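Asker: My questions are about this predicted structure, shown below with the sequence.
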Amino acid sequence: MDRALVGQPDGSGTMSRAHRRTVGSLAIVVLVVGAYFVSRGDVDALLEDLPTGSTSTAADIRDQVAASDLEAGSTQLEGLDVAELDAAPGYERDEFGQRWADIDRNGCDQRNDTLRAGASEVTTKPGTHGCVVLEATIDDPYTGREIAFVKGESTVDIDHIVPLSRAWQQGAAEWDEERREEFANTASNLLAVDASANRSKGDSGPEEWLPEAGRCAYVIQWIDVKSSYELTITEKEKDVLEDELEACEGSAE
């Protein structure tokens, strides 16, 4: 190959004018293309900074709620006593009485009641008077997705919105056993949810964990449970709840 044809010096040791123009043009093209891919790379880097697996939009996170519910939530929040978490010893799940007790006396335990409440297309076990759920489609409030529930599989958990261990540290340690059992089984503090989301939450409060979807309904319900049972909140917990209520005003019906 004639090396002068690829921009190398000609026989005199200098590059021809035509070759210089060609090289100059190629340099411009390289710079333009490079700038394009750098900008694309910057965008990709920004996208990579988003939480892994998160596809929720602001509209998904801030679900629509009634303006009256937001107002009630704000009022209830202001009425809660602020205190640090009490490191009260002695918490055990058994301190909250029978698991899934039938406290509403409808002939069905609270676990199955909660599954039916959050489900559609429910199939129940014959001979249980429509109580025991065998299969159902769960409308998961924490992820906004539908989950196929099958009894015996670990796809759905029943979540205590205000976790029992946290309630213990915020007033429940002083209750009698009957009130603690009521709290552990009251419908207002129970949701059928995606198992993975529930386990990522653990015993966390809203200052540490909030769901991918349905945040407005979640914080309103959290506040309502705290208010109904006169549990305390921490300063940081209150700050987060106030911020969430404010953010939800734009999605109020």
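Answerer: Received the coordinates, thanks. Numbering: from 1, shown residues only.
Asker: for residue 95, what are its contacts?
Answerer: The contact partners of residue 95, by CB atoms under 8 Å, 6 or more residues apart in numbering, come to 168, 177, 180. Heads up, the C-betas are built off the backbone N, CA and C, glycines and all.
Asker: Narrow these to those that are buried.
Answerer: Burial by neighbour count, 16 or more other CB atoms under 10 Å: within those this picks out 168, 180.
Asker: got the contacts of residue 95 as TSV, with secondary structure and distance to residue 228 columns?
Answerer: What follows is these, written out as TSV (DSSP: H, G, I helix; E, B strand; the rest coil; distance: CB to CB, whole Å):
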residue	secondary structure	distance to residue 228
168	helix	17
177	helix	18
180	helix	14
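Asker: For burial, what's the neighbour tally of the residue nearest to residue 249 when sequence neighbours are not counted?
Answerer: Take residue 249 and drop its neighbours on the chain: the residue closest to it by CB to CB, 6 or more residues apart in numbering is residue 70, 6.4 Å away. Close neighbours of residue 70, defined as other CB atoms under 10 Å, add up to 20.
Asker: Quickly find the element holding residue 70.
Answerer: Secondary-structure element containing residue 70, defined by DSSP states H and E: helix 67-78.
Asker: So what does the residue nearest to residue 184 when sequence neighbours are not counted have for phi and psi?
Answerer: Taking CB to CB, 6+ apart, and ignoring the residues beside it in sequence, residue 184 has residue 96 as its nearest neighbour in space, at 3.8 Å. The main-chain torsion angles of residue 96 are listed as degrees, to the nearest 10 and equal phi -100, psi 20.
Asker: Now do residue 96: how many residues are near it, please.
Answerer: Using other CB under 10 Å as the criterion, residue 96 is surrounded by 24 other residues.
Asker: average pLDDT across the helix or strand that the helix holding residue 70 is followed by?
Answerer: Toward the C-terminal end, the helix or strand that comes next after helix 67-78 (DSSP H and E) is helix 110-117. Over the span of helix 110-117, the pLDDT mean works out to 97.
Asker: packing partners for helix 110-117?
Answerer: Contacting helix 110-117 under the criterion 3 or more CB pairs under 8 Å, 6 or more residues apart in numbering; DSSP states H and E are the following elements: strand 133-139, strand 156-160, strand 190-194.
Asker: of all the ones you listed, which gets the most neighbours per residue?
Answerer: Comparing the helices and strands packed on helix 110-117 by mean neighbour count (mean count of other CB atoms under 10 Å), strand 190-194 comes out on top with a mean of 24.
Asker: now for that strand, which elements pack on it?
Answerer: Using 3+ CB pairs under 8 Å, 6+ apart, strand 190-194 is in contact with helix 110-117, strand 156-160.
Asker: quick one: contacts of the shortest one?
Answerer: By that I understand strand 156-160. For strand 156-160, contacts defined as CB under 8 Å, 6+ apart pick out 100, 110-111, 114-115, 138, 142, 147, 149, 184, 189-195, 198-199, 201.
Asker: now do the longest one
Answerer: Residues outside helix 110-117 that contact it (CB under 8 Å, 6+ apart) are 99-104, 106, 122, 131-133, 136, 138, 149, 156, 158, 185, 187, 190-192.
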